[in-house]
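Student: no FASTA, just this:
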């Protein structure tokens, strides 16, 4: 994927977060960094690198078809990295879908972005949501982390 707006952000002591915004939307990069930083700390993965790519409907649909054989728009795709290389993985977020879902679920865009970002990070940890049991587990784990994030946000 071409890097049109690439930022490498030092996050924590050794974590690097790459945010590649391929849309014209203003993306809350510092929010993304804070969420990832705390997530990797909580799950003891601080030494890993994470790549985040922000795309629109057309790009995510093509990637979803290519890698998951699903010809539809989705909110997120997650590609786990290689532990030996200290690359935690890449998360591709469809910002247009995040905005639609925020309206649908009566949340603001940042809350929906955090929910979906955490969902993707949990996929990188190995959680799956292709069964009802898996879906419930990943939602429960995501809500648990968001509570930790909300507490941490108030302290800092």
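Tutor: Done, it's in. Small disclaimer: the values here were computed from a predicted structure and weren't measured.

Student: so after the lowest-mean-pLDDT helix or strand in the chain, what's the next helix or strand?
Tutor: Sorted by mean pLDDT, DSSP states H and E, the helices and strands of the chain end with strand 6-11, the least confident at a mean of 43. Helices and strands here follow DSSP states H and E; after strand 6-11, the next one along the chain is strand 15-21.

Student: Quick check: buried residues in that following strand?
Tutor: Applying a neighbour-count criterion of 16 or more other C-beta atoms under 10 Å, one finds 15-17, 19-21 buried in strand 15-21. To be clear about C-beta, it is placed using only N, CA and C from the backbone, and glycine gets the same treatment.

Student: Could you dump these into TSV and include distance to residue 75 and pLDDT?
Tutor: TSV is the format used below for these (distance: C-beta to C-beta, whole Å; pLDDT from 0 to 100):
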residue	distance to residue 75	pLDDT
15	24	71
16	24	87
17	20	91
19	17	94
20	17	95
21	16	96
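
Student: List just the nearest of these to residue 33.
Tutor: residue 17 (5.2 Å; C-beta to C-beta).

Student: The closest one touches residue 34, doesn't it?
Tutor: No. Using C-beta atoms under 8 Å, residue 17 makes no contact with residue 34, being 9.7 Å away.

Student: In which helix or strand does residue 106 reside?
Tutor: Applying DSSP H and E, one finds residue 106 in no helix or strand.

Student: gap between it and residue 155?
Tutor: 27 Å (C-beta to C-beta, to the nearest Å).

Student: same check, this time on residue 24
Tutor: Applying C-beta to C-beta to residue 24 and residue 155 gives a distance of 35 Å.

Student: ok, now residue 111?
Tutor: Distance of residue 111 to residue 155, computed by C-beta to C-beta: 19 Å.

Student: how many other residues sit next to residue 114?
Tutor: 24 (other C-beta atoms under 10 Å).

Student: For the remainder of this discussion, apply numbering that starts at 4.
Tutor: OK, 4 is where the count begins now, so the last one is residue 117.

Student: Next, it: secondary structure please.
Tutor: In three-state terms, and counting by DSSP: H, G, I helix; E, B strand; the rest coil, residue 117 is helix.
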